[in-house]
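Asker: Quick one, structure for this:
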Amino acid sequence: MRNIWIYAAFIIAVPVIGGLIGVSTLPGEWYAGLAKPWFSPPNWLFGPMWTTLYVLIGWVGARKWLYGGAAGLWWGQMALNFLWSPVFFGLKQPLAALVVIAAMWVLIALFIRREWASDRLSAALFLPYIAWVSLATALNTAIVVLN
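Answerer: This is a model prediction of the structure:
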């Protein structure tokens, strides 16, 4: 029964914290005025995508809390994930945000690599996450270059 509460805590906490950060750093007029590349996803897609990813990230976080493994990498990527929006949207610093997201991508990749042999489920649940962060990194890079 304890495990269910741990899973529930992570699966609820990660999207709630991510959502609160998102609401407190809404893109607004500044972001709307930036030149963006042709592959920029529509704005409506970001909320549902991050919510889905945060549920997966929360599930994996619970697994690391309960069973060990690359917990340090999980916490590190989570800290960078929660830092990115305040840097990009809050401080309006796309270049600094690019540094944050690049470091986050590296930690996600290291997490997947480390967990692939010992906890393939956690590693597999991070595959959509690294795919989305790859797109977000490309988008962040393009915004830096275009602006």
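Asker: Would you map the helices across this structure?
Answerer: For the chain, the helices defined by DSSP state H cover 2-24, 28-32, 43-67, 71-85, 94-118, 120-125, 127-146.
Asker: Using TSV, lay out the ones you listed together with mean neighbour count and mean pLDDT.
Answerer: Quick note: C-beta positions are derived from backbone N, CA and C, even for glycine. TSV is the format used below for the helices of the chain (neighbours: other Cβ atoms under 10 Å; pLDDT from 0 to 100):
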stretch	mean neighbour count	mean pLDDT
helix 2-24	15	95
helix 28-32	10	93
helix 43-67	17	96
helix 71-85	19	97
helix 94-118	18	98
helix 120-125	16	97
helix 127-146	16	98
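Asker: Surely residue 80 and residue 107 touch.
Answerer: Yes: look at residue 80 against residue 107 with Cβ atoms under 8 Å: they come within range, at 6.6 Å.
Asker: Contact partners for the residue nearest to residue 81 when sequence neighbours are not counted?
Answerer: In this structure, residue 81 finds its nearest non-sequential neighbour in residue 104, 5.8 Å apart by Cβ to Cβ, 6 or more residues apart in numbering. Residues in contact with residue 104 (Cβ atoms under 8 Å, 6 or more residues apart in numbering) are 77, 80-81, 84, 133.
Asker: how about a cut-off of 6 Å?
Answerer: Neighbouring residues of residue 104 by Cβ atoms under 6 Å, 6 or more residues apart in numbering: 77, 80-81.
Asker: In terms of distance to residue 13, which of those ranks first?
Answerer: residue 81 (13.1 Å; Cβ to Cβ).
Asker: Against residue 17, how distant is the closest one?
Answerer: Separation of residue 81 from residue 17 (Cβ to Cβ, to the nearest Å) stands at 10 Å.
Asker: Cool, thanks, talk later.
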